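Visitor: kindly return the folded structure for what I paste below:
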Amino acid sequence: MGDRLEQIGVNNSFEWKCPAHMKPSGMMTAEDAWLELDAQRGTLLDCLADLKNGEGVLRKTGMSVNRLGKLDVYQYICFLLMHCRRHIGQMEEIEKAYSAEKPAGAAAGP
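Guide: Residues are numbered from 1 along each chain as shown. All right, here's what the predicted structure looks like:
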């Protein structure tokens with residue numbers, strides 16, 4: 001499962017059809033997205049602090065993405081972090097492509 005879990009953090013590393021309810025709506029600003037990611041990071045760190053004695057291995061959840069199967073709490077948190085890594089990478093690629101398209105001396109911003 002290690003390789004399949006690592007692939008979650010790499011864009012286009014496996015085939016997956018995004019369900020309609022998970023497709024980006026374009027309604028959230030970049031600033032709001034970063035604030036949400038930061039809040040979720042805090043929640044994950046709080047969960048880890050609460051499970052400091054290894055209790056997270058006692059609970060499992062099913063994960064169909066990339067055929068991961070059953071994940072314990074720690075593996076699920078790793079999945080979420082890898083998923084965030086992929087999205088951050090996608091945003092960086094878009095930002096780089098957008099910056100490359102701008103003529104020299106163009107004003108910053110959309």
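
Visitor: how far away from the center of its chain is the lowest-mean-pLDDT helix or strand in the chain?
Guide: Across the helices and strands of the chain, mean confidence by mean pLDDT, DSSP states H and E is lowest for helix 2-7: a mean of 85. Distance of helix 2-7 from the chain centroid (CA atoms, centre = their mean, to the nearest Å) equals 14 Å.

Visitor: also stretch 23-30?
Guide: Worked out by CA atoms, centre = their mean, stretch 23-30 lies 15 Å from the chain centre.

Visitor: what does it contact?
Guide: Glu36, Met91 (CB atoms under 8 Å, 6 or more residues apart in numbering). Heads up, the C-betas are built off the backbone N, CA and C, glycines and all.

Visitor: am I right that Thr61 is in a helix?
Guide: No. Going by DSSP: H, G, I helix; E, B strand; the rest coil, the assignment for Thr61 is strand, not a helix.

Visitor: run through the bridge partners of it.
Guide: Leu71 (DSSP bridges).

Visitor: wait, it sits on Gly69?
Guide: No. Using CB atoms under 8 Å as the test, Thr61 is too far from Gly69 to be in contact (10.1 Å).

Visitor: which residues are in contact with each of those two?
Guide: By CB under 8 Å, 6+ apart, no residue touches both Thr61 and Gly69.

Visitor: and Ser13, what does it touch?
Guide: So Ser13 contacts Gln7 (CB under 8 Å, 6+ apart).
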